[in-house]
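K.L.:
Just to be clear, the model below is a prediction. Sequence and coordinates:
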Amino acid sequence: MTALTLAIIIAFVVGYVFIALESAIRVNKAAIALFMMVVCWSLFMVNPGSFLPDVDPSEMFTAVSETIERHLGSASTTLFFLMGAMTIVEVVDQNGGFSFVRRAMKTTNKRRLLWRIALLTFFLSAILDNLTTSIVMVMVLRKLVSMRADRLTYAGMVVIAANSGGAFSPIGDVTTIMLWNQGLITSAGVIEEIFISSLISMVIPAFLLQFTLHGKLEVPDDTGDDKYEDELTSRQRKVVFFLGVGGLVFVPIFKYLTELPPFVGILLVLSLLWLTTELFYAHLRRRSDPHKRHNRVSRLLSHIDMATILFFLGILMAVSCLEEVGVLASLGTWLDGASGGNHYIVTGSIGVMSSLVDNVPLVAGCMGMYPLAPTGDMAVDGIFWQLLAYCAGVGGSILIIGSAAGVVVMGLERISFGWYLRHISWVALVGFFAGMAWYWFERTFLF
């Protein structure tokens, strides 16, 4: 290993540590990720010939530019997909598309509500994403559960169900989006083989947590707090909901029919939703204030969390630098040797690690460490890639800081790290290993 390679590794590790300590140092992780990316590639440019020995020195800078653009193009497919999906969900939410979800959840039975919350979060996360679903479900819980002690238990279940639901869907989690975009898993393959494992990782914690709930809930207050009643009608809100959510479900089908990248399908759905809401608001302006902008897409675009998008850009491009200098290939070889080639040990370890650190760089690193093979466990929909999708997603539930869903619920409900560790972590861990055990049984005896 050269001194330059070691410097790039140190820059990445130091940046990664600061990202993990974001809450302590109070510096946005997007800023750190972008700086880390620039430092890694700047070090690469100190002596690019040592990493690209087959390139003529007179063409070196052109070759490096092409290499960076190739990695940027690969990362951009994921970033544009995320931006489109985030915009669609924001449009549906701000136009009251989720307003009827609360009404469907009403019950005075605490355990029944737990199962309704778990199942709805699980399936909604597979269609939307675990972060957005967690926000929606916490808002629903605030309308249904007044006792904080009970609401914390429900919120913990939301974290588990959101991460489990996102793991079996090609669009439910950033990591599955990354794997799907790169052609390492297919939508049909991951749903068929990971669905039951993901369901088990949600059902077992729900079964265990229900015994901590006793008594009845107060009758939910259904007073008119619908802030959308003076804008879109109930029928229009349902059109927005089904067009947005149904469009997200249609994206994998669009990819299968056209063989175009998934981000093209997501932009199709966004454009149709944009056109529909523009027509709704054009009619609304004729009978109200013509200058009122309402919740039009052009205004809601400013609500998109660009810090998250830039964080993913920094991480993916920094990892691509490690790939170019050969670090990831060497690490993959070492892991195979240390685990004896056991994919369950490797991916299980990544799952547990994802409860401590962000799963995006972990998955990005694995994508660089292990090349796609034509056949076997490393082929498309092979054991390794499907286990990686499951473990990286579900493993984030073990600690509340291990996933975007956990962090946002932690902030919204002010859940302490210690409370989650004592009451939720152990059931999440049981569910995680139970789902892995089912996948082993499935691949050993059924497929």
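P.N.:
Nice, I can see it.
K.L.:
CA only for contacts and neighbour counts going forward, please
P.N.:
Will do.
K.L.:
Tell me how far the spatially most central residue of the chain lies from residue 151.
P.N.:
Taking C-alpha atoms, centre = their mean as the criterion, residue 173 is the residue nearest the geometric centre of the chain, at 2.8 Å. Using C-alpha to C-alpha, to the nearest Å, residue 173 is found at 24 Å from residue 151.
K.L.:
Please identify the helix or strand for residue 135.
P.N.:
Residue 135 is located in helix 130-144, with elements delineated by DSSP states H and E.
K.L.:
What residues of that helix count as buried?
P.N.:
130, 131, 132, 133, 134, 135, 136, 137, 138, 140, 141, 144 (16 or more other C-alpha atoms under 10 Å).
K.L.:
give the contact list for the fourth one.
P.N.:
Counting by C-alpha atoms under 8 Å, 6 or more residues apart in numbering, residue 133 touches 121, 124, 125, 162.
K.L.:
again, but for the first one
P.N.:
Listed by C-alpha under 8 Å, 6+ apart, the contact partners of residue 130 are 162, 163, 165, 166, 172, 173, 404, 405.
K.L.:
For these, which two are the farthest from each other?
P.N.:
Greatest spatial distance among the contacts of residue 130 (C-alpha to C-alpha): 165 and 404, at 13.7 Å.
K.L.:
neighbours around residue 392, how many?
P.N.:
31 (other C-alpha atoms under 10 Å).
K.L.:
quick one, the host helix or strand of it and helix 130-144 angle?
P.N.:
Here residue 392, judged by DSSP H and E, is contained in helix 383-394. Angle of helix 383-394 versus helix 130-144, following axes from the mean of the first three to the mean of the last three C-alpha atoms, to 10 degrees, is 30 degrees.
K.L.:
any idea how far residue 45 is from residue 210?
P.N.:
With C-alpha to C-alpha as the criterion, residue 210 and residue 45 are 57 Å apart.
K.L.:
ah, wrong one, I meant residue 325
P.N.:
Counting by C-alpha to C-alpha, the gap from residue 325 to residue 45 is 11 Å.
K.L.:
out of those two, which sits in the busier spot?
P.N.:
Ranked by neighbour count (other C-alpha under 10 Å), residue 325 and residue 45 place residue 325 first, with 20 against 16.
K.L.:
buried sites along the helix or strand containing residue 436?
P.N.:
According to DSSP H and E, residue 436 maps onto helix 425-441. Buried residues in helix 425-441, counted by 16+ other C-alpha under 10 Å: 425-436, 438-440.
K.L.:
tell me the two of the residues you listed that are most distant?
P.N.:
Once C-alpha to C-alpha is applied, those give 425 and 440 as the farthest pair, at 22.8 Å.
K.L.:
Off-centre distance for stretch 51-66?
P.N.:
Distance of stretch 51-66 from its chain centroid, counting by C-alpha atoms, centre = their mean, to the nearest Å, is 35 Å.
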